[in-house]
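> Show me how the following folds:
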Amino acid sequence: MPLHLTHGGAVGLMVAVTLMWGTAGMVTRHLEGAHSFEITFWRGLFTVLSLCAILPLWRGPKVFRALLAGGRELWISGLCWAVMFTAFMVALTLASTASVLVTMSLGPLLTALAARLFIGHRLPARTWLAIVVAGLGIGWMYGAQLLGGTGGAGGSLLGTLVALCVPLAGAANWTVVQHAQARGQRIDLVPAVLVGAVLCTLATLPLAMPFRASAHDLGLLAFLGLFQLAIPCVLSVLCASVLKAPEVALLALLEVIFGIALAWLGANEKPAPSVLTGGAMVIGALLFNELLALRGRRTTVADQAVPGAH
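Below is the predicted model of the structure:
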């Protein structure tokens, strides 16, 4: 089922993707009985079922054959997706939506740093500056939580640290993909996402029992599996094939805004001042870096985006 996007269409679609991603915190706050790993398990299971229905319609039966032909790198990429899917949901049960999303927004900068360390890509001065400023913002947020015990409305320090696994796994995923492509091997991200959802579901099953989710919970978790993860995962891959990496990174920042706003308006979860201050530093650093990157006219291999689905 081919779909050809214009640049404007890809921008609009990416905005819709970030809005769908941003519903996770709000929906999670309305669960009745499901606990952390059970939440992760059910969302993962519904994501697997959704992708198994969507992917053959979009890519045909060959998408499943790609699992056998993808090689070691595809499975490593799938493992990275599994870490992102799992850490994101567990973090949401331990910390506020705002602190989780702000921490995850470090993804582009950690990816750039991984490219420098493991692939040898040179980073411009603006990116080094953005990394330093974003690091100070995260340090401010973590420090306030550590000194304040639970961090008040900002959530627990443990949850924010778990959230840090998401951008770290994303940076590892990007590094594996780019290293494989440099050797002439193309990794198909679509089956890798399916592998990640399957691994996430299998890994959390033993930890999810005994099940406590009500029918109400299962309905909300099915929504998360289909509309918050499976559908935007597919759409983000389409967008990344049209947009440059700085454009994807800029638009992805909308998830932070949408997610905090929806959790605030839809679940009465007001972000702590320390999270807002640290978040402003992180988002400002990312905006500065990506806007300057968009002004450049040269596109390198490092400008290929790996969508940050979670």
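> can you pull the contacts of Thr204?
By C-beta atoms under 8 Å, 6 or more residues apart in numbering, the contact list for Thr204 reads 37-38, 40-41, 44, 86. Every C-beta, even on glycine, is put in place using the N, C-alpha and C of the backbone.
> helices and strands around the helix or strand harbouring Phe88, which ones?
For Phe88, the element it lies in under DSSP states H and E is helix 71-94. The contact analysis (3 or more C-beta pairs under 8 Å, 6 or more residues apart in numbering; DSSP states H and E) places helix 71-94 against helix 24-28, helix 36-59, helix 97-104, helix 157-182, helix 189-208.
> what inclination does the fourth one have with respect to helix 97-104?
Right, the one you point to is helix 157-182. Interaxial angle, helix 157-182 versus helix 97-104 (axes from the mean of the first three to the mean of the last three C-alpha atoms, to 10 degrees): 30 degrees.
> Show me what counts as buried in helix 157-182.
157, 159-178, 180 (16 or more other C-beta atoms under 10 Å).
> these two touch, right, Gly44 and Val195?
No - in this structure, Gly44 is not within contact of Val195 by C-beta atoms under 8 Å, at 11.7 Å.
> pLDDT score assigned to the nearest residue to Phe288 once chain neighbours are set aside?
Nearest non-adjacent residue to Phe288, counting by C-beta to C-beta, 6 or more residues apart in numbering: Ala130, 5.9 Å away. On pLDDT, Ala130 comes in at 82.
> tell me what the helix or strand encompassing Ala130 is packed against?
In this structure, Ala130 is located in helix 125-147 according to DSSP H and E. With contacts taken as 3+ C-beta pairs under 8 Å, 6+ apart, helix 125-147 sits against helix 97-104, helix 107-114, helix 157-182, helix 273-295.
> Neighbour count: Gly44 and Val195, which is higher?
For Gly44 and Val195, the more surrounded residue by other C-beta atoms under 10 Å is Gly44, and the numbers stand at 29 against 22.
> show me what contacts the more buried one?
Contacts of Gly44 (C-beta under 8 Å, 6+ apart): 85-86, 197-198, 200-201, 204, 225.
> how far away is it from Gly259?
20 Å (C-beta to C-beta, to the nearest Å).
> Check Trp21 too.
7 Å.
> remind me which residues of this protein are low pLDDT?
1-3, 70, 145-155, 181-182, 184, 187, 246, 296-309 (pLDDT under 70).
> repeat that for 90
Counting by pLDDT under 90, the chain shows low-confidence ranges at 1-12, 14, 33, 35-36, 55-77, 94-99, 102-161, 170-193, 233-257, 269-310.
> can you give me the angle the helix holding Phe88 makes with helix 97-104?
Between the axes of helix 71-94 and helix 97-104, defined by the same axes, to 10 degrees, the angle is 150 degrees.
> If we go by neighbour counts, what in helix 71-94 is buried?
By 16+ other C-beta under 10 Å, the buried positions in helix 71-94 come out as 73-94.
> Can you redo the helices and strands packed on helix 71-94 as JSON lines, where the extra columns are distance to Val282?
Output for those, formatted as JSON lines (distance: least, C-beta to C-beta, whole Å):
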{"stretch": "helix 24-28", "distance to Val282": "17"}
{"stretch": "helix 36-59", "distance to Val282": "25"}
{"stretch": "helix 97-104", "distance to Val282": "6"}
{"stretch": "helix 157-182", "distance to Val282": "11"}
{"stretch": "helix 189-208", "distance to Val282": "25"}
